[in-house]
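Visitor: Kindly return the folded structure for what I paste below:
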Amino acid sequence: MSDKMTELSFADMALPALVLKQLEKLNFTTPTPIQVQAIPALMAGSNVLGEAQTGTGKTAAFGLPGIAMVDAKQRATQMLVVAPTRELAIQVADALTEFAAMVRGLEVTTVYGGSAFGPQIKALRGGAQIVVGTPGRLLDLQKKGVLNLNSLRFAVLDEADEMLNMGFIEDIEAIMSAVPETAQRALFSATMPTAIRKLAKTFLVNQAGEQPLNIQIAPKEKKTATIRQRAWQVRGFTKLVALTRLLETLEYQRVLIFVRTRQDTMDLTEQLQSSGFKASPLSGDLTQVQREQTVSQLRSGHIEILVATDVVARGLDVPEITHVINYDLPGDSESYVHRIGRTGRAGRSGEGILFFRNKERHLLKQYERLTNGSIEFFEIPNAQELGKYRQQRLKDQLVHTNATSELTELTAIVQQIQADTGLTAEQVAVALLANQQQQRPLIVPADPPMKKFAERSEQDARRKDKRRGDRPERGPRVNDIDFETYKIKVGREHGARPQDIVGAIANEGEIDSRYIGQIQLFDQHSLVELPKGMPTAVLRILQRARVRQQQMGLELSDEQVTRRPKPNFGKGRPERNGPRRAPRSNGSARNSRRPA
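Guide: As a prediction, the model looks like this:
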């Protein structure tokens, strides 16, 4: 790379003024090596073959010129990004949305398997100009005639080697075959196996027969692990319950929690604040001045917990951060290294904690390789352990208070209470503890067995992770659940279907769909059965969750779901409320409320 190239700034790359202004707002100042080479080439109309590790800035390398190519006034798919996983697709889409925030009328949508087709089809038919998706779902939408690429100007294959490893090569070939010859193309990959080079040779040569610009960025040296890394597998209860218990029992100074989206920063912060934690979001919705104020409050201790996304936490340097918690795993392994690097600074010790699902277990090996370290597994305190922790902390506080405070006047008050009421000192103390029990229980109710509904089985996780977006098979019905009936403020007139309600509750509340009972639809509301003993944190999430763009407003109901008798065809499960369907030829009933 020439010295002239290394001196390039974003302003030298012919990017639109609104994009440059947004980059300045996001504190993007110096282009990375991949951006220095790829952006000018793509802006000049060349195809690009990029060989670079994750975390080198590839999203901006193709995203910024892609946004520049899009005509926001034209309601049609003009930019397509193919990513290997749902998580990476979401991360790429979020980054592109951030970059294009000032471009009026430009919309970014994400499509992936394991989620309902309806909203994705609506976004495509609505004319979203930038589409980011996984191969299987993109192919399904093509076959349905919904994903129209006739107006496409730019197609990108991101993390191509990962898609090869996952067996997507045929899907990619089918998708790329539908890309117009006039469209620019880019392929990015950390490695270049033979199959990827063959793919590049087939699809990256332009109409004039010109080969793509081949950009190679040297891999970064592995970092030596100086930070303790621990991991908890999500099971037994929700991530939110786990997080609040973890924060209560951790000895920390400042904590940085990483989530996936801007909305997640707001939602999680609200939930933590309601539990008594000094938390604040750091999101793209804040101005630069507000961000600086938030970071200043974190340093001073007015805020102890910061909830942020990868984009806005870029370059955050607060030595007081003792813990980084990966509430949501990042879309790429390199981002994990950057995240935990926010702790253990200025010679201090630090700890990186991650929450992972069984289907994400393979990522832990990648994290260990990149950090030259090891990841320890641990368990979140159960109810009994949490109670013992609170009791011990209370003992320590009482001993400290008696040793360091002047208590003469308070002692007189206790003695007066005893004289007036006839209560003993022990009875007074017990009554005070009873008040404490109401605020933050010292004897924590045992974790009910049904809390395991928050854990998806390995089979369920694999089904949800299918890239082709097939409707998942429904697991065996759990018959020994004691249900309560809840009312939600969404019904037939809002276009709601049983599968919409199941999908919202299962996805937002992280509840295995087998633990969702009967559903009955009315015009303005619906009834749904959920297990007794639902955690308060989960109920709060479900109250705000949306079905057909309507907030559910979930609440306990005195109404009862009208149960229908089992159908008489075969040994199928009871038919759910909703449109009846004919039995399958093998004699089993099709479940009418199974998520799409």
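Visitor: where does the stretch 1-150 of the chain dip in pLDDT?
Guide: 1-6, 54-55 (pLDDT under 70).
Visitor: Assign residue 501 to helix, strand or coil.
Guide: helix (DSSP: H, G, I helix; E, B strand; the rest coil).
Visitor: Name all residues that make contact with residue 309.
Guide: Going by CB atoms under 8 Å, 6 or more residues apart in numbering, residue 309 touches 94, 258, 259, 260, 261, 262, 264, 265, 282, 283, 284. Every residue, glycine included, has its C-beta placed from N, CA and C.
Visitor: switch to 7 Å and redo it
Guide: 259, 260, 261, 262, 265, 283 (CB atoms under 7 Å, 6 or more residues apart in numbering).
Visitor: State the pLDDT value of residue 358.
Guide: Note for residue 358: predicted pLDDT of 86.
Visitor: What is the burial count for it?
Guide: Using other CB atoms under 10 Å, residue 358 has 17 other residues around it.
Visitor: Which stretches in the stretch 201-350 of the chain count as helices?
Guide: Ranges of helices in the stretch 201-350 of the chain, per DSSP state H, counting those that start in this stretch, are 239-249, 262-274, 288-300, 333-340.
Visitor: How about the stretch 51-200 of the chain?
Guide: Ranges of helices in the stretch 51-200 of the chain, per DSSP H, counting those that start in this stretch, are 58-69, 86-99, 117-125, 135-143, 160-165, 169-177, 194-203.
Visitor: out of those helices, which comes closest to residue 40?
Guide: Among these, helix 58-69 comes nearest to residue 40, with 8.6 Å by CB to CB.
Visitor: any idea of the angle that closest one forms with helix 86-99?
Guide: 50 degrees (axes from the mean of the first three to the mean of the last three CA atoms, to 10 degrees).
Visitor: what comes into contact with helix 58-69?
Guide: In contact with helix 58-69 (CB under 7 Å, 6+ apart) are residues 15-16, 19, 34-35, 38-39, 42-43, 50, 52, 78-79, 92, 95-96, 99-100, 103, 153-154, 156, 158, 186, 188.
Visitor: just stretch 92-110 next, same as before
Guide: Contacts for stretch 92-110 (CB under 7 Å, 6+ apart): 18-19, 21-22, 26, 59-60, 63-64, 67, 70, 72-73, 81, 83, 89-90, 123-124, 128-133, 158, 261, 284, 311.
Visitor: Now do that stretch: distance to the chain's middle.
Guide: 17 Å (CA atoms, centre = their mean, to the nearest Å).
Visitor: For that stretch, measure first residue to last.
Guide: Start-to-end span of stretch 92-110 (CA to CA, to the nearest Å) is 9 Å.
Visitor: try stretch 35-52
Guide: 11 Å.
Visitor: Which stretches in the stretch 351-500 of the chain count as strands?
Guide: Assigned by DSSP state E, counting those that start in this stretch, the strands in the stretch 351-500 of the chain fall at 351-356, 375-377, 483-488.
Visitor: Which among those is found nearest to residue 116?
Guide: That would be strand 483-488 among these, by CB to CB, at 16.9 Å.
Visitor: ok now that closest one, how far from the chain's centre?
Guide: That offset, for strand 483-488, works out to 27 Å (CA atoms, centre = their mean).
Visitor: Among the contacts of helix 58-69, which lie within strands?
Guide: If you go by DSSP state E, these have 50, 79, 154, 156, 186, 188 in strands.
Visitor: Report how many residues lie close to the last one.
Guide: Applying other CB under 10 Å, we find 24 residues neighbouring residue 188.
Visitor: Report the beta-bridge partner residues of it.
Guide: Here residue 188 sits in beta bridges with residue 50, going by DSSP bridges.
Visitor: can you list the domains in this structure?
Guide: The chain breaks down by automatic domain parsing into domains covering 3-216, 228-377, 383-439, 449-556.
Visitor: Put together CSV for those domains, with distance to residue 562 on each row.
Guide: As requested, the domains of the chain are exported to CSV (distance: least, CB to CB, whole Å):
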stretch, distance to residue 562
domain 3-216, 26
domain 228-377, 30
domain 383-439, 36
domain 449-556, 6
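Visitor: With respect to burial, which of the strands of the stretch 351-500 of the chain scores highest?
Guide: Burial of these is given as mean neighbour count (mean count of other CB atoms under 10 Å); strand 351-356 ranks first at a mean of 22.
Visitor: Please state the offset of that one from the chain centre?
Guide: Relative to the centre of its chain, strand 351-356 is centred 14 Å away, using CA atoms, centre = their mean.
Visitor: Which strands or helices does that strand pack on?
Guide: strand 228-233, strand 321-326 (3 or more CB pairs under 7 Å, 6 or more residues apart in numbering; DSSP states H and E).
Visitor: Out of the ones you listed, flag the one nearest residue 482.
Guide: strand 228-233 (26.8 Å).
Visitor: Show residues contacting the closest one.
Guide: Under CB under 7 Å, 6+ apart, the answer for strand 228-233 is 242, 340, 351-356, 358, 364, 371, 373, 375-380.
Visitor: If we ignore the residues flanking it in sequence, what's nearest residue 484?
Guide: Of all residues not flanking residue 484 in the chain, residue 532 sits nearest, at 5.1 Å (CB to CB, 6 or more residues apart in numbering).
Visitor: residues contacting residue 281?
Guide: Each residue near residue 281 by CB under 7 Å, 6+ apart is listed here: 265, 266, 269, 307.
Visitor: right, and the helices of the stretch 201-350 of the chain - which one's nearest residue 182?
Guide: When those are compared (using CB to CB), the closest one is helix 333-340, at 33.5 Å.
Visitor: Run the angle between the closest one and strand 321-326 for me.
Guide: Using the same axes, to 10 degrees: helix 333-340 against strand 321-326 is 150 degrees.
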